[in-house]
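S.K.: Got a predicted structure here, sequence first:
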Amino acid sequence: MIEKALKGSPRYFGALMVFLAIMGIGGGFYLVQLNQGLMITGLSRDVSWGFYIAQFTYMVGVAASAVMLVLPYYFHHYKAYSKMIIMGEFLAIAAVIMCLGFIVIDIGQPQRMLNVLINSTPGSVLFWDMVVLNGYLILNAVIGWTSLMAYWKRVSPPTWVKPLVYTSIIWAFSIHTVTAFLYAGLPGRHYWLTAILAARFLSSAFCSGPSILLLLMLLAKKLTKFDPGNEAIKSLSTTITYAMCVNVFFFLLEVFTAFYSNMPGHMDPILFLFSGFEGHTYMTPFMWTAAALGLTSLFLLIPPKWRENRDILVPALIMLVIGTWIDKGMGLIAAGFTPNPFEKVTEYLPTGPELMIALMIYAVGGFVLTILWKIALEVRAEVEGEPGK
Amino acid sequence: MQSSRRDFLKLAGVSALGLSAGTLGFLGEGAQAADALPNATNFAKPITAKRWAMVIDTAKFDDALIAKVIDSCHTAHNVPTIPGKQEIKWIWTEEFHGTFTSERPVHLADAQEHRKYLLLCNHCENPPCVRVCPTKATFKNKEGLVIMDYHRCIGCRYCMAGCPYGARSFNFQDPEKFVKNMNLLYPHRTRGVVEKCTFCVEKLAQGLMPNCVQASGGAMVFGDLQDPNSPVRKILKEKFAIRRNPSAGTEPGVFYIL
């Protein structure tokens, strides 16, 4: 089956070449980072995690969101998703690979990373995050590949896949919950120290992840003969709309708790994000953009008539993805570290090299996803194209 | 039997180092420090405690004494002087508002407001940095010291996110060129690892007080928090002292007399 990745149109290989070129350029910057250390980033003593870890957090959500297809398909036998399920699982694989990549580029001594296994520390959430991420990668690779192989051979998937599928459903929730626990259990970081952080993570993941999947699938529909089916698109966009409503609601819960209680520690990070803190307003344009995009996307997605119109759906999904990305991929980390333990602000914005290295990981994800989706689409075309099938 | 063999090996190892380091040039840097190398007798009488703690009498500090205390620590431990926001600090100062953030005082007395407060690792009873470290690179020993194994640290900086006191620094770059006079008796760190104050665990092992306590001329008191006769308990019985951010539940081991 893998040989299907080796033959393709110039457009397919062109896309792979573009990803390889970005990886190459980003790789060059990564060599500089390996050589000089994380000093080339905008990180500091006060904001010690930044763009890399934020992208990791966002991508965990994308990986977990595959469950929004897997759950209805396997639990409720919702057949409309049959054409998309494999795409969702393969997107999860690419997303988890990116997550692991973002962690590796973030650590100061990458050659020592196996210390996490050698000195495994069950008390550390980071240890469990390593366990759930790698476990999810293996689960999705095995389930996705086996199901596709069975489909290709025109047989039903082996029975041992079923328990793995059910495991993967629970596992998907666990990867984003454990990632939220990385932040939620820390004293002195008020923006993260909230019981609904895991719930917020999941709600944001379940709207942004399927949005990315749907956008990519509509792109694939345009470029190939693949058609996920109207009912599937309709159902998935409904799921996205509900999840985004919950996401906004959960954020408003945080705002109420912080501002009605009037406790400075809880208000300060939110003030920092939306109105600035002690004159530091560098995050406010981003956060208001995110708020505007998020609310506009909801406004466009909630009426079913608009949602079913592709010309409105696509821009609404793009707005939703950018809005949630700013919230999680920029705001979450910065506000966790601001104000710092001395009630002061150290500004953080990623540097050029930092962005290029992050782009390298995104290119790795794009490369993996392109190959996996190519195989899946070819297999589908071959099976469906056969007369009498 | 076993312990005596270990003692012998320790003695043999240390004396071999002392003998050879003095004469063999190929050992490099170490050879130059041969005269000052501590030997087995230096470690024969360590001072121990059930729970080390420190009391800082903040009124006794002026700028000169603060500079002396910081210098004694930073030169002994090869703490680099890196300008900007990627700096390394083991012991430093903040004003009142930055030190006791949860107090949020108004109309603060002049004496307290214009004072500089020395900050360092609090060597907490329940250290979040130890809880979150995925490689056991930072750990609490049985005397309550929160210390680092720099060779285990993978540089994930989770401990920095976990510490509610901002006591940890990360080597964003190779610190060597920022250390003016390298103290060859103490290792300097590599890039990509976290470091912090260790309450001079290496001094205690030699029966000596921490550098800052020695330099403070009595303004910093160090001792066993669980021993009612220790100097820290005696001073805490007489004077009102507070700790930083007690609501974090970490039980800091550094007390401040205002």
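M.R.: The structure has been received and is ready for your questions. Numbers count the residues shown, from 1 in each chain, chains lettered A, B, ... in the order given.

S.K.: Any idea how many residues pack against residue 59?
M.R.: No chain was given, so I picked chain A. 28 (other Cβ atoms under 10 Å in any protein chain shown). C-betas here are computed from N, CA, C, even on glycine.

S.K.: wrong chain, I was asking about chain B
M.R.: For B:Ala59, using other Cβ under 10 Å, the count is 12.

S.K.: Quick check: it vs B:Gly155, distance?
M.R.: Distance, B:Ala59 to B:Gly155, using Cβ to Cβ, to the nearest Å: 39 Å.

S.K.: Also B:Gly253?
M.R.: Taken as Cβ to Cβ, the span from B:Gly253 to B:Gly155 is 26 Å.

S.K.: Please apply the same query to A:Val383.
M.R.: A:Val383 is 48 Å from B:Gly155, by Cβ to Cβ.

S.K.: Between those two, tell me which one has more neighbours.
M.R.: B:Gly155 (23 against 13).

S.K.: which stretches of chain B have low pLDDT?
M.R.: B:1-36 (pLDDT under 70).

S.K.: Check it for the residue nearest chain A and tell me.
M.R.: B:Gly155 (2.1 Å; Cβ to the nearest Cβ).

S.K.: what's the nearest residue to that residue once chain neighbours are set aside sitting at in phi/psi?
M.R.: Using Cβ to Cβ, 6 or more residues apart in numbering or on different chains and skipping residues adjacent in sequence, the residue nearest B:Gly155 is A:Gly108, 2.1 Å away. The phi/psi pair for A:Gly108 (degrees, to the nearest 10) reads phi -70, psi -30.

S.K.: So A:Gly108 sits against A:Gly37, correct?
M.R.: Yes: when contacts are counted by Cβ atoms under 8 Å, A:Gly108 is listed as touching A:Gly37 (6.9 Å).

S.K.: longest helix anywhere in chain A?
M.R.: The longest helix of chain A (DSSP state H) is helix A:352-385.

S.K.: Would you mark the buried spots in it?
M.R.: A:353-380 (16 or more other Cβ atoms under 10 Å in any protein chain shown).

S.K.: Residue numbers of the stretch 251-389 of chain A in contact with chain B?
M.R.: The stretch 251-389 of chain A comes close to chain B at residues A:Pro264, A:Gly265, A:Gly336, A:Phe337, A:Asn340, A:Pro341, A:Phe342, A:Glu343, A:Lys344, A:Thr346, as judged by Cβ under 8 Å from any Cβ of the partner chain.

S.K.: how many other residues sit next to the residue in chain A positioned nearest to chain B?
M.R.: Nearest residue of chain A to chain B (Cβ to the nearest Cβ) works out as A:Gly108 at 2.1 Å. Residues near A:Gly108, counting by other Cβ under 10 Å, number 21.

S.K.: before we move on, what about A:Ser120?
M.R.: 14.

S.K.: For it, give me its contacts.
M.R.: Neighbour list for A:Ser120: A:Phe127 [criterion: Cβ atoms under 8 Å, 6 or more residues apart in numbering or on different chains].

S.K.: Could you look up the SS state of it?
M.R.: coil (DSSP: H, G, I helix; E, B strand; the rest coil).

S.K.: Against A:Val131, how distant is it?
M.R.: 9 Å.

S.K.: contacting residues for the residue nearest to B:Lys116 when sequence neighbours are not counted?
M.R.: Nearest non-adjacent residue to B:Lys116, counting by Cβ to Cβ, 6+ apart: B:Thr93, 4.0 Å away. If you count contacts by Cβ under 8 Å, 6+ apart, B:Thr93 has them with B:Ile66, B:Ile70, B:Lys116, B:Tyr117, B:Leu118, B:Leu119.

S.K.: just the CA coordinates of the helix or strand that contains B:Thr93, formatted as CSV?
M.R.: Taking DSSP states H and E as the definition, B:Thr93 sits inside strand B:91-94. Output in CSV follows, covering the C-alpha atoms of strand B:91-94 (Å, rounded to 0.1, in the frame of the first residue of the first chain):
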residue,chain,number,x,y,z
ILE,B,91,20.5,35.5,44.9
TRP,B,92,19.2,39.0,44.1
THR,B,93,17.0,41.8,45.3
GLU,B,94,13.5,43.1,44.8
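
S.K.: Can you list the strands that it pairs with?
M.R.: strand B:117-120 (antiparallel) (DSSP bridges).

S.K.: picking up where we left off before, which neighbours do A:Gly108 and A:Gly37 share?
M.R.: B:Asn171, B:Arg191, B:Gly192.

S.K.: Of those residues, which fall within the contact range of chain A?
M.R.: Near chain A, by the rule Cβ under 8 Å from any Cβ, you find B:Asn171, B:Arg191, B:Gly192 out of those.

S.K.: Which residue comes closest to the last one once chain neighbours are left out?
M.R.: Leaving aside its chain neighbours, B:Gly192 sits nearest to A:Gly108 (2.8 Å; criterion: Cβ to Cβ, 6+ apart).

S.K.: My understanding was that A:Val314 contacts A:Leu219; is that so?
M.R.: No: using Cβ under 8 Å, A:Val314 makes no contact with A:Leu219, being 9.6 Å away.

S.K.: What is the subsequent helix or strand relative to the host helix or strand of B:Arg131?
M.R.: Using DSSP H and E, the element containing B:Arg131 is helix B:128-132. Under the assignment DSSP H and E, the closest C-terminal helix or strand after helix B:128-132 is strand B:138-140.

S.K.: And the next helix or strand past that next one?
M.R.: strand B:146-148.

S.K.: And the strands in the stretch 151-258 of chain B?
M.R.: Using DSSP state E, counting those that start in this stretch, the strands of the stretch 151-258 of chain B run over B:169-170, B:194-195, B:220-224, B:241-242, B:254-257.

S.K.: Dump those into CSV; add mean neighbour count as well.
M.R.: Shown next, in CSV, are the strands of the stretch 151-258 of chain B (neighbours: other Cβ atoms under 10 Å in any protein chain shown):
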stretch, mean neighbour count
strand B:169-170, 26
strand B:194-195, 25
strand B:220-224, 22
strand B:241-242, 15
strand B:254-257, 21
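
S.K.: If you tally nearby residues, what's the number for A:Phe249?
M.R.: With other Cβ under 10 Å as criterion, A:Phe249 counts 11.

S.K.: Ignoring the adjacent residues along the chain, who's closest to A:Leu293?
M.R.: A:Gly323 (3.5 Å).

S.K.: State the distance from the one you found to A:Leu91.
M.R.: 20 Å.

S.K.: now swap in A:Met360 and tell me
M.R.: In terms of Cβ to Cβ, A:Met360 sits 19 Å off from A:Leu91.

S.K.: Tell me who's in contact with the closest residue to B:Pro164 other than its chain neighbours.
M.R.: The shortest distance from B:Pro164 to any non-neighbouring residue, by Cβ to Cβ, 6+ apart, is to A:Gly188 (2.6 Å). Residues near A:Gly188 by Cβ under 8 Å, 6+ apart: A:Pro341, B:Pro128, B:Cys163, B:Pro164, B:Tyr165, B:Asn245, B:Ala248.
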